[in-house]
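J.: take a look and give me a structure for this.
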Amino acid sequence: MNIVILGNLSGIGGEIANQLARLGHEAYAMPGVVAVEILAGLRPQLLIPVATETGMTTETVSRLVAETGAAVIVVASPGSPWATWGEHLQYPVIAPERAAGEIAARLSELMAQVQATEQARYLQTVYGAPVVVASQPRVIGFGGPKGGTGKSTVAANAAALLAARGLSVHLIDAESDTRGNQPDLFRLGEGIPIYSIIELASHHPPMPRAGGVFEPGAHIPIFWSQVPAPRGIRWNLRLTAGLLTLDPLMGEHSLSVLARAADWLDFAIERATGEGYTVVLDTGNNLMSPLSLRAINRSQVLYIILEPEDTGLIAGASWLAHVYRMAGPAAFSSKVRIVFNKVRGESGSELVGRLREHVEAILGHRLPRAMPVHILPYLDLDIARSQTNLRLGVEHLAVLQALTGGRYAEETRGFTEALQSMLSELFPVLAAASPTREASPRFRFPWRR
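T.: The predicted model follows:
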């Protein structure tokens, strides 16, 4: 954990830093007055102001917390202004004489306490009232007939939006015929280990089962990365990558690796939903891949991402017909949602009518009911990609530009509102959330105009 102590190296601040460093944390004691921009650049996960040793004010620390999302533990004597401030915001307040030992001994407990308080405060800001965002964990898939329709981009933005709205989300990339791009979309890889379900399957056998359930106590390799939250957002979002390199799928054992990866996908979904996570699957488009096919079958709701052009409709119709034959009329009607992405002006009824004609021509009979359809407006992806050279982490995703008041907030607003409306069908609480928020006017980070 990255921890900044606002205190003297030779005083209480140094003692706290030494104790936390022995536990394996990156702890820095910084005395006096430190520029807020410098502290924000350190991206601390925990701030510990020592009242008698810092020149920072409570107002400045509040600004810093708002930008970094850091937790706060206050070291102050009872009745002091710092103690009053901490108690008002429900931060733990520790007396100076016992701060070093108590913080080190109770760090996990104190962090959980602070994070619960800050999450409740954040959700009140998002929804305009106290709210508990709780839902039955769901498994949501995003697939499509070919590359380039935007299924990975929509899956990543959906995961980010749900997580920013208070759900615990586990995003799993099940693409198996092309290199998965979810780690790239979230800008992982700069000091954050990336775990791939295909790499996992190539080195570890599937988890042993007993009566269809994974045996308790079995050794479980790490299979997910925690995605850092952008400034101004609090979330619990984790990611399991798909195909990172072609090496595991080279040679005659590629199909057996994919079959093991499909079993690992079952385990990852069961594990995540059992821990209360909503699972978002980037299913890919290869219906011949055991991994992609398992992801499609495990999805409780499957959003099929299509392009509005004629070639996209024809490819989508063929893919939809295949899914219809596999699922059957009842499952297809309850599970499948059509999403037209990159729409510039066409009406939804016109697009779905043309798609329905193509699907029925392939099947040779009429579909039993109307297909649910959603429209996502055209979004110039170069807007998002232009941010990657700023090394800002996940802030370049479209919904996060809108939610954080980023440089391209206005350009991404329509896409974000349409995506939130689409997901409100599954999570009605989203309808009460404000689609956007203003960035803090006190800071001028690179993404601000």
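J.: which element, helix or strand, includes Trp82?
T.: helix 81-88 (DSSP states H and E).
J.: which strands or helices does that helix pack on?
T.: helix 58-68, strand 74-75, strand 93-94 (3 or more Cβ pairs under 8 Å, 6 or more residues apart in numbering; DSSP states H and E). C-beta here means a position set from N, CA and C on the backbone, and glycine is covered the same way.
J.: element containing Glu15, please.
T.: Going by DSSP H and E, Glu15 is in helix 12-22.
J.: contact partners of the following helix or strand past that helix?
T.: Of the helices and strands lying after helix 12-22 in sequence (DSSP H and E), the nearest is strand 26-29. With contact meaning Cβ atoms under 8 Å, 6 or more residues apart in numbering, strand 26-29 is reached by 1-5, 7-9, 13-14, 16-18, 20-21, 42.
J.: re earlier: go through the helix holding Glu15 and flag the buried ones.
T.: Ile12, Gly13, Gly14, Glu15, Ile16, Ala17, Gln19, Leu20 (16 or more other Cβ atoms under 10 Å).
J.: how many neighbouring residues does Ser168 have?
T.: Applying other Cβ atoms under 10 Å, we find 18 residues neighbouring Ser168.
J.: what bridges to it?
T.: Ser168 has these beta-bridge partners by DSSP bridges: Asn236.
J.: any idea how far it is from Trp264?
T.: Here the criterion is Cβ to Cβ, to the nearest Å. By it, Ser168 lies 20 Å from Trp264.
J.: rewinding a little: relative to helix 58-68, how tilted is the helix holding Trp82?
T.: 40 degrees (axes from the mean of the first three to the mean of the last three Cα atoms, to 10 degrees).
J.: helices of the stretch 101-250 of the chain, start to end?
T.: 107-127, 151-164, 182-185, 197-203 (DSSP state H, counting those that start in this stretch).
J.: out of those helices, flag the one nearest Ile269.
T.: Ile269 lies closest, by Cβ to Cβ, to one member of the helices of the stretch 101-250 of the chain: helix 197-203, at 10.7 Å.
J.: mind saving the C-alpha coords of that closest one as CSV?
T.: Provided in CSV are the C-alpha atoms of helix 197-203 (Å, rounded to 0.1, in the frame of the first residue of the first chain):
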residue,chain,number,x,y,z
ILE,A,197,-7.1,-16.9,-17.8
ILE,A,198,-5.4,-18.6,-20.8
GLU,A,199,-1.9,-18.3,-19.3
LEU,A,200,-3.4,-19.7,-16.1
ALA,A,201,-4.9,-22.7,-18.0
SER,A,202,-1.6,-23.4,-19.8
HIS,A,203,0.2,-23.8,-16.5
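J.: give me the below-cutoff pLDDT ranges for the stretch 101-250 of the chain.
T.: 130, 132, 134-135, 177-180, 189-190, 206-219, 245-250 (pLDDT under 70).
J.: what about Thr125, how many residues close to it?
T.: By other Cβ under 10 Å, the burial measure for Thr125, its neighbour count, is 11.
J.: any idea how far Gln119 is from it?
T.: 11 Å.
J.: cool, Ser10 as well?
T.: Ser10 is 36 Å from Gln119, by Cβ to Cβ.
J.: now swap in Tyr91 and tell me
T.: 14 Å.
J.: ok, now Pro78?
T.: Taken as Cβ to Cβ, the span from Pro78 to Gln119 is 27 Å.
J.: Trp85 against Val72, yeah?
T.: No: with contact defined as Cβ atoms under 8 Å, Trp85 does not reach Val72; the gap is 9.7 Å.
J.: settle it for me: which of those two has more neighbours?
T.: Per other Cβ under 10 Å, whichever of Trp85 and Val72 has more neighbours is Val72, with 24 against 21.
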